[in-house]
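Asks: Sequence and predicted structure, then a few things I'm wondering about:
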Amino acid sequence: MPHDLHSYSCLPTGVKKEGVKCLEWKNRVKLEMMMEEKGGVTCHRVMWTALSKDTSPIDCWPVGPSHGHWYGGGESLVSKWPLDNGKIKMSPFVTGDEDQTEWGNVIRKFFINSQGISITIEDDTPLSVSLNDEDNESGGHRGLCFQANFDEFPY
């Protein structure tokens with residue numbers, strides 16, 4: 001979201017839930033975050049809801065040795081292992097011919113890094129992914145980025 005837009009809490013007035021946050025940018029997007037601990041493992045669920053067809057939020061995770069090496073996603077002609085060293089333009093995360101699309105025949109919406117962070121995206125999410133995409137960096141989005149949108153083929 002642009003830095004000049006400010007969010008407000010979207011939890012009902014007077015309601016405070018342990019491990020739950022809800023932020024809304026008026027008429028743009030709502031962000032709900034929930035934290036749960038089980039057996040010594042902390043899980044965070046992050047859910048964006050677009051409130052306008054013109055808004056498609058992007059979540060990015062830093063890459064590189066000081067942030068942990070990233071692995072996952074699947075087959076790609078241009079990706080490298082670890083993912084930190086690759087470059088992929090923001091594109092739909094769907095199977096395809098590697099000569100024509102960014103992703104190959106074997107993909108999975110699961111990413112993990114060497115510091116123990118894992119990211120799983122629900123199968124029904126219309127996901128686009130980028131990695132070290134210089135076009136995204138101008139908007140402040142660097143690293144491994146995820147965007148859910150219905151903007152272009154095949155969504």
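Replies: Good, I have the coordinates.

Asks: how long is stretch 121-133 from one end to the other?
Replies: This stretch, stretch 121-133, spans 20 Å end to end (CA to CA, to the nearest Å).

Asks: Check stretch 134-147 too.
Replies: Stretch 134-147: ends 16 Å apart by CA to CA.

Asks: same check, this time on stretch 31-48
Replies: OK, stretch 31-48 end separation, CA to CA: 5 Å.

Asks: which residues are in contact with that stretch?
Replies: 7, 10, 19-24, 29-30, 49, 57, 59, 148 (CB atoms under 8 Å, 6 or more residues apart in numbering). C-beta: built from backbone N, CA, C; applies to glycine.

Asks: go on, stretch 114-123?
Replies: Residues contacting stretch 114-123 (CB under 8 Å, 6+ apart): 61, 67-69, 71-72, 82, 109-112, 127, 146, 148.

Asks: Off-centre distance for it?
Replies: 10 Å (CA atoms, centre = their mean, to the nearest Å).

Asks: Name the residues of it that are buried.
Replies: Ile119, Ile121 (16 or more other CB atoms under 10 Å).

Asks: picking up where we left off before, least confident of the contacts of stretch 114-123?
Replies: Ranked by pLDDT, the contacts of stretch 114-123 bottom out at Pro82, which scores 84.

Asks: what number of residues lie near that one?
Replies: 17 (other CB atoms under 10 Å).

Asks: For the closest residue to it other than its chain neighbours, give me its contacts.
Replies: In space, Pro82 comes closest to His69 once its chain neighbours are excluded; the distance is 3.6 Å by CB to CB, 6 or more residues apart in numbering. By CB under 8 Å, 6+ apart, the contact set of His69 is Val63, Pro82, Leu83, Asp84, Asn113, Ser114.

Asks: Low-confidence bits of the protein, can you list those?
Replies: 77-80, 98-99, 137-140, 152-153, 155 (pLDDT under 70).

Asks: can you pull out the strands in it?
Replies: Using DSSP state E, the strands of the chain run over residues 8-9, 20-25, 29-38, 41-50, 58-61, 70-74, 88-92, 107-113, 118-120, 127-131, 144-148.
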